[in-house]
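Enquirer: After the sequence you'll find the predicted model.
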Amino acid sequence: MSKKEREKMEIELVKCECCGLKEDCTQDYINGVKAKFDGKWLCGLCSEAVRDEVNRGKKQSAVEEAVKAHMSFCGKYRSNPAIRVADGMRQMLRRRSGTDATSSPSSSSSSTKYSRSATSWR
């Protein structure tokens with residue numbers, strides 16, 4: 001394997017320009033993603049959101065506009081992506097269990113226990 005091939009295979013930590021999620025990727029993969037999204041690296045979730053927006057649009061400059069719109073959306077909720085996922089799961093569990101989904105994050109450490117429903121999932 002040549003030096004150039006080895007460099008392409010090296011793993012690099014890259015940060016999503018929308019949500020800030022960090023991933024380990026090869027340089028080839030990073031370059032491919034950037035080529036699709038106007039030079040910006042997007043994580044898998046953000047790239048899917050942008051693709052969905054582009055598919056709804058059909059304009060010639062749709063990718064650039066969709067990336068900008070998604071970056072703006074993510075900027076409004078800028079925090080650790082893992083925390084956002086955990087918050088979403090917490091809210092879902094609260095809705096399913098019937099407790100208030102709008103309570104403060106500090107209440108997430110309460111002694112509320114979640115149990116399985118007695119109904120069958122069939």
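Expert: Sure, I can see it.

Enquirer: Quick one: low-confidence residue ranges for the protein.
Expert: The chain contains residues with pLDDT under 70 at 8, 58-61, 76-85, 87-88, 99-122.

Enquirer: and Glu23, that's in a strand?
Expert: Yes - counting by DSSP: H, G, I helix; E, B strand; the rest coil, Glu23 falls inside a strand.

Enquirer: Can you get me a residue count around it?
Expert: For Glu23, the count of nearby residues is 15 (other Cβ atoms under 10 Å). Where you see a C-beta, it was placed from the backbone N, CA and C, and this is true even at glycine.

Enquirer: Do I have it right that it meets Leu13?
Expert: Yes - Glu23 is in contact with Leu13 according to Cβ atoms under 8 Å; the separation is 7.4 Å.

Enquirer: so which strand or helix has Met92?
Expert: Here Met92, judged by DSSP states H and E, is contained in helix 81-97.

Enquirer: May I have the secondary structure class of Cys19?
Expert: coil.

Enquirer: you'd agree it is up against Cys46?
Expert: Yes - at 5.7 Å, Cys19 counts as touching Cys46 under the criterion of Cβ under 8 Å.

Enquirer: Now do the strands in the protein.
Expert: 11-15, 22-26 (DSSP state E).

Enquirer: Relative to Ala69, which of the ones you listed is closest?
Expert: Minimum separation from Ala69 across these (Cβ to Cβ) falls at strand 11-15, 19.7 Å.

Enquirer: Touching that closest one from outside, list them.
Expert: Residues outside strand 11-15 that contact it (Cβ atoms under 8 Å, 6 or more residues apart in numbering) are Leu21, Lys22, Glu23, Asp24, Cys25, Thr26, Gln27, Ile30, Trp41.

Enquirer: Turn the residues you listed into CSV, columns for distance to Met92.
Expert: Shown next, in CSV, are these (distance: Cβ to Cβ, whole Å):
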residue, distance to Met92
Leu21, 20
Lys22, 25
Glu23, 24
Asp24, 28
Cys25, 29
Thr26, 34
Gln27, 37
Ile30, 32
Trp41, 29
